[in-house]
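Peer 1: I would like the atomic coordinates for the input below:
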Amino acid sequence: MATFLESPRFPDTIAFGATVGPTYLTVVNTIYSGRDGRIPAWTQSRIRFEVGRRAMNAADTATLDAFFRAVKGRAYGFRIKDWTDYTATTGNGVLTPAATPGRYQLGKFYTTGALNETRSIQKPVAGSPVVYLNASPLAGAAYAVDSTTGLVTLTQSSFASAGVNGVTVGASTVVTLASGIPGLGVGGTLAFNSGFGGADQALLAGQAFQITALTGTQYTLAVNTTGKAITAGSAIGTRYPQGADVLAWAGQFDVPVRFDVDEMKKQVMDRSGGDLIVDWGSIPLIEIRV
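Peer 2: Next comes the predicted model:
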């Protein structure tokens, strides 16, 4: 895998003057009548930056020159701030559930009329994102944000939980908890950590299941474990946010990019007040998938 430089970020002062915008790849097939069919090849855009084609002073020139040498042209990826779009609010900052219960991917929601796109945010600014549940900010201890991937992990101990006392396998699996979990009933989702025992524990460990029946502390789950060997072990059942709950976030993020050239061209144009004025040719940057 190619090297990615998490720090330092591309100089903000130079990024501020960039020409920037999203790009897509569309396959267009035109027929003899002049009509065409269009197939979007990408579900997510790639943002392009142009940081050259302008004059810079000697200090910015030296900074850009050093950065280009450090990342070796197109070789390394790095962060850049898109000054036209670098924040999310609780109105458009969304969290998309990942495969593991209690884990979510940061995203930003863009909408126009009935059309919309959810952009994956994989490079949040460290310490910036705040996660909200039903419009209220969660305590910092209730979640952790990986600033290198944009993955949010909810802290199990911060949500209503109970230990698993027993597992009854069958066409519908019955899990007996040490105590009932408030607010979690039929139709809700019960999630588990990886503490189960038995040869077939992977069927329940780290998974979440819909509750189809509830009697006291016995939760009947929509998962077939007939003939399987699963024991309670040290498993814990948790009520993470449910379907009716709204998770959102607010904060700042960067764009992962690389230079799209291996060569730079610069030329001294003037000397103003003892400072060199350097004209830079085209310096394109392109967003990368990480």
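Peer 1: and the residue nearest to Met264 when sequence neighbours are not counted, helix, strand or coil?
Peer 2: Spatial nearest neighbour of Met264, excluding adjacent residues (Cβ to Cβ, 6 or more residues apart in numbering): Phe68 at 5.8 Å. Using the backbone N, CA and C atoms, a C-beta is placed for each residue, glycine as well. Following DSSP: H, G, I helix; E, B strand; the rest coil, Phe68 is assigned to helix.
Peer 1: Surely Phe68 and Phe259 touch.
Peer 2: Yes - contact between Phe68 and Phe259 holds when scored by Cβ atoms under 8 Å: they sit 6.6 Å apart.
Peer 1: So for the two, which residue has more residues nearby?
Peer 2: Phe259 (24 against 16; other Cβ atoms under 10 Å).
Peer 1: Check the burial of the nearest residue to Thr3 once chain neighbours are set aside by counting its neighbours.
Peer 2: Spatial nearest neighbour of Thr3, chain neighbours left out: Tyr76 (4.6 Å); criterion: Cβ to Cβ, 6+ apart. Tyr76 sits with 14 neighbouring residues when counted by other Cβ under 10 Å.
Peer 1: Return the distance of Tyr76 relative to Pro256.
Peer 2: 11 Å (Cβ to Cβ, to the nearest Å).
Peer 1: ok, and what's touching the helix or strand bottoming out on mean pLDDT in the chain?
Peer 2: The helix or strand of the chain with the poorest confidence is strand 266-272; it has a mean of 85 (mean pLDDT, DSSP states H and E). The contact list for strand 266-272 (Cβ atoms under 8 Å, 6 or more residues apart in numbering) reads 55, 61, 65, 276-281.
Peer 1: Quick check: the two most widely separated of these?
Peer 2: Longest distance between any two of the contacts of strand 266-272 is 16.2 Å, between Leu276 and Gly281; criterion Cβ to Cβ.
Peer 1: For the stretch 1-150 of the chain, give me the ranges with low pLDDT.
Peer 2: In the prediction, the stretch 1-150 of the chain carries residues with pLDDT under 70 at positions 1.
Peer 1: where along it do the helices fall?
Peer 2: 12-15, 58-71 (DSSP state H, counting those that start in this stretch).
Peer 1: now the longest one and strand 266-272, what's the angle there?
Peer 2: Meaning helix 58-71. 160 degrees (axes from the mean of the first three to the mean of the last three Cα atoms, to 10 degrees).
Peer 1: tell me which residues in helix 58-71 are buried?
Peer 2: 60-61, 63-64, 67-68, 71 (16 or more other Cβ atoms under 10 Å).
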